[in-house]
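**Q** sequence first, predicted coordinates after that:
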Amino acid sequence: MCARDAQESNRERGAFVVVACGKQLGVRVRRQHPMHPYVVDFYVAAYKLVVEVDGSVHRSTEAQARDARRDAELGRLYGVRVLRIDAERVEADVFAAVALVRAAMR
């Protein structure tokens, strides 16, 4: 499996986790939702919750600082909370990832 395939696989698992949580709670989950000037992985409007499934590129100190600025700006502009889940965590334990998203939706 090439890196691109693995990345797509993690993204799909992330989609499953977030969409499954939305269905369980009876809410709509939007994928690749535009929130100018950004596009977020998932958005649950009913809970004003953004869910980002982060791959390895987000692990560097610089990327984490950039993500923190982005999360703060999204909060300021749209009043949303941002939940970041590592793609490896989704891959390793889907149930734990589901629990995180469900907890954030409460």
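**A** Okay, I see it. Numbering: from 1, shown residues only.
**Q** when you work out contacts or count neighbours from here on, use the C-alpha atoms and nothing else.
**A** Fine.
**Q** neighbours around Val18, how many?
**A** 27 (other CA atoms under 10 Å).
**Q** right, and the helix or strand after the host helix or strand of it?
**A** Using DSSP states H and E, Val18 maps to helix 3-25. Counting by DSSP H and E, the next helix or strand C-terminal to helix 3-25 is strand 30-35.
**Q** where does the protein have low pLDDT?
**A** The model of the chain has pLDDT under 70 over residues 1-14.
**Q** how close does the residue nearest the centre of it get to Arg76?
**A** For the chain, Glu52 is the residue whose C-alpha lies nearest the centre (CA atoms, centre = their mean; 2.0 Å). Going from Glu52 to Arg76 by CA to CA, to the nearest Å gives 17 Å.
**Q** what residues are up against Ala104?
**A** Neighbour list for Ala104: Leu49, Leu83 [criterion: CA atoms under 8 Å, 6 or more residues apart in numbering].
**Q** report the separation between it and Arg81.
**A** Taking CA to CA as the measure, Ala104 falls 9 Å from Arg81.
**Q** what is in contact with these two at once?
**A** Leu49.
**Q** beta partners of the nearest residue to Val29 once chain neighbours are set aside?
**A** Nearest residue to Val29, sequence neighbours excluded (CA to CA, 6 or more residues apart in numbering): Val44, at 4.9 Å. Beta bridges link Val44 to Leu49 when assigned by DSSP bridges.
**Q** picking that back up, for the helix or strand where the residue nearest to the centre of the chain lies, C-alpha coordinates in CSV please.
**A** Assigned by DSSP H and E, Glu52 belongs to strand 49-54. Taking Å, rounded to 0.1, in the frame of the first residue of the first chain, the C-alpha atoms of strand 49-54 are listed here in CSV:
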residue,chain,number,x,y,z
LEU,A,49,-18.2,21.0,16.4
VAL,A,50,-15.4,20.7,13.9
VAL,A,51,-13.6,17.3,13.8
GLU,A,52,-10.2,17.1,12.2
VAL,A,53,-8.6,13.7,11.5
ASP,A,54,-4.9,14.5,11.5
